[in-house]
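Chemist: Here is my input; please provide its structure:
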Amino acid sequence: MIFARLFFSFFRLGLFTIGGGYAMLPLIQKEVQRYGWMTPEEFIDMIAIAEMTPGAIGVNTATFVGFRQAGFLGAVVATTAIALPSLILVVAVSKVLDKFREHPLVGGMLLGIRPVVAGLIASSALFIAEAAVREIGTTGLAGIDPLAVLMAVVSAV
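Modeler: All right, here's what the predicted structure looks like:
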């Protein structure tokens, strides 16, 4: 029964949560409290551990909750369940795109997405660069001029 409850709880979270791992945390907490899987203090401690562990925090949290409830197999069930909806969606979309790749609308859509993705990557790079170095002209930790890095990023995009 615990495996089914873990699977359906985390599958539903993976299916309906939009916004990534941090958006999942309140919903995971709600499930944890609903089933009495752990106390709020234990959940907060688990989030701290999930933050320190490499990987997506939502997946890490699901893994830890599953392990806490049903050991190794529980961790596998919860992790699979939270990742499965995304896997199904990606496979389905890739099959559709492969089938209709030659269609002018799909080709145009894919062509139009490229500059958007490049802009998002550039925006992220600028955000990280700004956080790393607050003042243009200041030498970074590795002796790299942030203005030179910014120019390299912009020219690569």
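Chemist: What residues does the residue most central in space within the chain make contact with?
Modeler: Within the chain, one residue has its C-alpha closest to the average C-alpha position: by C-alpha atoms, centre = their mean, that is residue 20, at 4.6 Å. Contact partners of residue 20, counting by C-beta atoms under 8 Å, 6 or more residues apart in numbering, are 56, 58. All C-beta atoms are positioned from the backbone trio N, CA, C, and that covers glycine.
Chemist: Quick check on it: phi, psi?
Modeler: Note on residue 20: backbone dihedrals following degrees, to the nearest 10 are phi 90, psi -170.
Chemist: Same check on residue 15?
Modeler: The phi and psi values for residue 15, taken as degrees, to the nearest 10, are phi -80, psi -40.
Chemist: There's contact between it and residue 87 in this structure, I believe.
Modeler: No: between residue 15 and residue 87 there is no contact under C-beta atoms under 8 Å: 11.3 Å.
Chemist: Neighbour count for these two, which is higher?
Modeler: For residue 15 and residue 87, the more surrounded residue by other C-beta atoms under 10 Å is residue 15, and the numbers stand at 14 against 11.
Chemist: Distance-wise, check the more buried one relative to residue 86.
Modeler: For residue 15, the distance to residue 86 (C-beta to C-beta, to the nearest Å) stands at 9 Å.
Chemist: Now name the helix or strand holding residue 37.
Modeler: With the criterion set as DSSP states H and E, no secondary-structure element contains residue 37; it sits in neither a helix nor a strand.
Chemist: Correction: the previous question concerned residue 80.
Modeler: Assigning secondary structure by DSSP H and E places residue 80 in helix 57-100.
Chemist: by contact count, what packs against that helix?
Modeler: Identification of packing neighbours for helix 57-100 by 3 or more C-beta pairs under 8 Å, 6 or more residues apart in numbering; DSSP states H and E yields helix 2-16, helix 21-35, helix 40-52, helix 104-132.
Chemist: quick one: average pLDDT of it?
Modeler: Mean pLDDT, helix 57-100: 92.
Chemist: Can you check what angle separates it from helix 104-132?
Modeler: Inter-element angle recorded for helix 57-100 and helix 104-132: 150 degrees (by axes from the mean of the first three to the mean of the last three C-alpha atoms, to 10 degrees).
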